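[1] fold the following.
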Amino acid sequence: METARLVRPATAVVAAVKAREYTSVEPLETEPIGPLVIGPEGRREAIEDALRGVTLGAHDRRTLTWMVKLLDQPTLRTIVSLIERAHLAGMVETLDAELYLERCRQQQRIDEHGSPDHPVTVS
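    Next comes the predicted model:
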């Protein structure tokens, strides 16, 4: 019995386009010009990368399909940049919150046990 073997041509292997490769992630003062000029599939990969971690519904996917087919490169690059910057802002806010909580925990330990320089004494 002969076993069928699937052979992929080398051209079929395409790396996914990352959002940060598609556009700059900074406030945009002018129309963004990215390093890549790509077709709809690559633009879809870039926006999906920007939306990583977001659960998409059927309408979301239809809207993304519409966007990558009909929007021009600079407009889609701006949208991807905005999404990436929103990710960064959320990460900074999360890190700030974690730092604040850690400082609160440290202060609580000092209040309960004192610091190495000033231990709490029980009378």
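
[2] lowest-pLDDT helix or strand in this structure?
    The weakest-scoring helix or strand in the chain, judged by mean pLDDT, DSSP states H and E, is helix 73-113 (a mean of 81).

[3] name the SS class of residue 28, please.
    Secondary structure state of residue 28, per DSSP: H, G, I helix; E, B strand; the rest coil, is coil.

[4] ok, now which ones touch it?
    Residue 28 makes contact with 78, 81, according to C-beta atoms under 8 Å, 6 or more residues apart in numbering. C-betas here are computed from N, CA, C, even on glycine.

[5] 10 Å - rerun?
    For residue 28, the contact set (C-beta atoms under 10 Å, 6 or more residues apart in numbering) comprises 74, 77-78, 81-82, 85.

[6] buried subset of those residues?
    Buried members of the contacts of residue 28, counted by 16 or more other C-beta atoms under 10 Å: 77, 81.

[7] possible to save the contacts of residue 28 as JSON lines with distance to residue 67?
    As requested, these are exported to JSON lines (distance: C-beta to C-beta, whole Å):
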{"residue": "74", "distance to residue 67": "13"}
{"residue": "77", "distance to residue 67": "12"}
{"residue": "78", "distance to residue 67": "12"}
{"residue": "81", "distance to residue 67": "14"}
{"residue": "82", "distance to residue 67": "13"}
{"residue": "85", "distance to residue 67": "18"}
